[in-house]
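J.: Sequence and predicted structure below; questions after.
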Amino acid sequence: MDAKPRLLKVLDVASIALVVATTLLVLFYAPMERVMGAVQKVFYFHVAHAWVGMLSFIVAAVAGIAYLRTKNMRWDIVGLATVELGMVFMLIALVTGSIWARPIWNTWWTWDPRLTTVTIMELIYAAYLMLRQGIEDPERRARFGAVYAILGAVSVPLTFFSIRIFRTIHPVVIGNSVPGAEGGFDMTPKMLQVFFFGLIAYTVVYFDLLWHRIRMGRLAERVEQLKLRLSQ
Amino acid sequence: MEGPANTITYLIGGLAVVFGVMAVYLVSLVSRWRNLRQDEEVLQKLDTKQ
């Protein structure tokens, strides 16, 4: 059995430190928004998790392309690992967004273009996991998964640009403001510092977790091969 | 002038979701890893016996 690499141990410690630092910065360094109050601080976690979720799905598409080109099963393991992580991060982004919306929009949920596209994206990748469950042959599963991940990645730019293309109440904090947006605000320099720190911190956490999940995928592959060998 | 809205409970709820969901995922990762390791050990023993 391969031991945990030293770099992964370093990444584990760095990830924990970065999450703690982000939380402290959000709570004690970032200024209180003067209209929304404390709930605005959820925004730092919400955007960071949404960013990582989208990054995960883009990585899945890249892994899918790499698999189709090389037929190397390692890319299939990467694809599955990153989709699973993307779903977790995107779920957190969805729920924290809903919590923010309750006092600001006076509702937990509305079928706004951004919320709708994010939900569709999450369901697309839930279907990816179900599709994989239904295919027993590993090579066929990997091929179908790769094609699905590439097609599914179309939902990422659609989700990202939905608040810039369609009429929406979801605020666009970075870039152009939307006239009908409710809950938008201008970020102060301190807010911007915490915002970008959070993005970087959770990106590091993503790569740390991805590495762990890939290692687990390789272990699962070894177990599957052992089972096949013993059954023959 | 009015101060900011009192929305601290929503912030606490948001933090609970951020750390709660991640904690559940981490527990699931560790649990699946341990199960796979056990499976691997058992299968390797069977393989060497054969």
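T.: Right, received. Where do you want to start?

J.: Mind checking what secondary structure residue B:5 has?
T.: With DSSP: H, G, I helix; E, B strand; the rest coil as the basis, the three-state label of residue B:5 is coil.

J.: how far away is it from residue B:15?
T.: Going from residue B:5 to residue B:15 by CB to CB, to the nearest Å gives 18 Å. Yep, even glycine has a C-beta here, placed from its N, CA and C like the rest.

J.: can you check residue A:206 too?
T.: Separation of residue A:206 from residue B:15 (CB to CB) stands at 19 Å.

J.: So the two - more neighbours on which side?
T.: The neighbour comparison of residue A:206 against residue B:15 (other CB atoms under 10 Å in any protein chain shown) goes to residue A:206, with 24 against 18.

J.: Could you pull up the residues touching that one?
T.: The contact partners of residue A:206, taken as CB atoms under 8 Å, 6 or more residues apart in numbering or on different chains, are A:52, A:55, A:56, A:85, A:89.

J.: Return the residues in contact with the first one.
T.: Listed by CB under 8 Å, 6+ apart, the contact partners of residue A:52 are A:85, A:86, A:89, A:202, A:203, A:205, A:206.

J.: Could I get the contacts of residue A:206 in TSV, plus columns for secondary structure and pLDDT?
T.: Formatted as TSV, these follow (DSSP: H, G, I helix; E, B strand; the rest coil; pLDDT from 0 to 100):
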residue	secondary structure	pLDDT
A:52	helix	98
A:55	helix	98
A:56	helix	98
A:85	helix	98
A:89	helix	98
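
J.: Widest-spaced pair of those?
T.: Distance extremes for the contacts of residue A:206: the farthest pair is A:55 and A:85 at 9.5 Å, using CB to CB.

J.: Would you mind telling me which of those two has the busier surroundings?
T.: Neighbour comparison, residue A:55 and residue A:85: the larger count goes to residue A:85, with 26 against 21 (by other CB under 10 Å).

J.: what's the spacing between the more buried one and residue A:133?
T.: Distance from residue A:85 to residue A:133, counting by CB to CB: 18 Å.

J.: and if you look at residue A:229?
T.: In this view, residue A:229 and residue A:133 are 23 Å apart by CB to CB.

J.: Might you enumerate the residues of chain A proximal to chain B?
T.: Contact residues (CB under 8 Å from any CB of the partner chain) of chain A with chain B: A:1, A:23, A:32-42, A:45-46, A:49, A:88, A:91-92, A:95-96, A:99-100, A:102-103, A:209, A:212-213, A:216, A:219-220, A:222-223, A:226-227, A:229-230.

J.: Near residue A:184, how many residues? Count them for me, please.
T.: For residue A:184, using other CB under 10 Å, the count is 15.

J.: Check residue A:16 too.
T.: If you count neighbours by other CB under 10 Å, residue A:16 ends up with 12.

J.: what's the answer for the one 3 residues further on, then?
T.: The local packing count at residue A:19 equals 19, with neighbours defined by other CB under 10 Å.

J.: That one contacts residue A:201, correct?
T.: Yes - counting by CB atoms under 8 Å, residue A:19 does reach residue A:201; the two are 6.4 Å apart.

J.: Quick one, grab the pLDDT at residue 16.
T.: Unless you meant another one, I'm taking chain A. Looking at residue A:16, its pLDDT reads 98.

J.: wait, I meant chain B there
T.: As predicted, residue B:16 sits at a pLDDT of 98.

J.: Kindly report the same for residue B:26.
T.: Reported pLDDT for residue B:26: 98.

J.: Which strand or helix spans it?
T.: In this structure, residue B:26 sits in helix B:8-49 according to DSSP states H and E.
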